[in-house]
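>>> Any chance you could fold what I've pasted below:
(one chain, ligands or ions: 1)
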Amino acid sequence: MDLQRLTCDACGANLDVPDGVQFVNCRHCGASLQVQRTESVVYTKVLEAIQENTDRVRQNTELLRLQGQLAQLDRDWDRVSKSLMMQGKHGGSYVPTRTSAVVMGTVMPGFGLFWLVATTNAGAPAFFSGFGVLVIGLAVCMSIWTFVKACEYNDCQARYEQERSALMNQMRRLGI
Ligand SMILES: [Zn+2]
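Residues are numbered from 1 along each chain as shown. This is a model prediction of the structure:
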């Protein structure tokens, strides 16, 4: 049986095709090829079905790339959100919210003010009443700090969710 040296139409690899064979699969890329014979030349041609196959491969590659991006995005957000969390009194961390900032900025100074008025009225020493002033000052600072962190957290979260839904849309468009 004579072998003809042809090249794959899809990947360019050398193929040894027996004489008279009309269809062949490329050993290198797996493409289904039709052997075209004319008076002067013999060459291979990728069958239509394979083109679709190649499109699917490209689509899968694109999907894998998007999935990789998504995983990276989630990892990044996990890291960023942890770094933006506030440390609680008992070692745990919590997400800073504007509400908690406002509560902190009203309840604690309220307590400080109450302490100040009550101890002053009772004729307590100045340093004793001064504790109330300290509480007010501390509470206001913590409240502002929490508020700033809450805004930062919200901004980052919004950006993360926006990028995530954009990626999800791209993946949906690929038909997944
Ligand atoms: Zn090939």
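>>> elements contacting whatever helix or strand G137 lives in?
Here G137, judged by DSSP states H and E, is contained in helix 126-173. Helix 126-173 sits against helix 48-84, helix 98-121, with contacts defined as 3 or more CB pairs under 8 Å, 6 or more residues apart in numbering; DSSP states H and E. Bear in mind the C-beta positions are built from the backbone N, C-alpha and C, glycine included.
>>> contacting residues around the residue nearest the centre of the chain?
Nearest to the mean C-alpha position of the chain, counting by CA atoms, centre = their mean, stands L73 at 1.9 Å. L73 makes contacts with 160, 163-164, 167, as judged by CB atoms under 8 Å, 6 or more residues apart in numbering.
>>> Just send the helices and strands packed on helix 126-173 back as JSON lines, with distance to C26 and mean pLDDT too.
Shown next, in JSON lines, are these (distance: least, CB to CB, whole Å; pLDDT from 0 to 100):
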{"stretch": "helix 48-84", "distance to C26": "9", "mean pLDDT": "85"}
{"stretch": "helix 98-121", "distance to C26": "62", "mean pLDDT": "91"}
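>>> Pick the most buried one from the ones you listed.
Sort those by mean neighbour count, taking mean count of other CB atoms under 10 Å, and helix 98-121 sits at the top with a mean of 15.
>>> Can you tell me which residues in the protein are near the ion?
8, 10-11, 13, 26, 28-29, 31 (CB under 5 Å from the ion).
>>> Now do the contacts for the most far-flung residue of the chain relative to its centre.
The centre of the chain is farthest from one residue, G123, which by CA atoms, centre = their mean lies 60.2 Å away. Contacts for G123 (CB under 8 Å, 6+ apart) come out as none.
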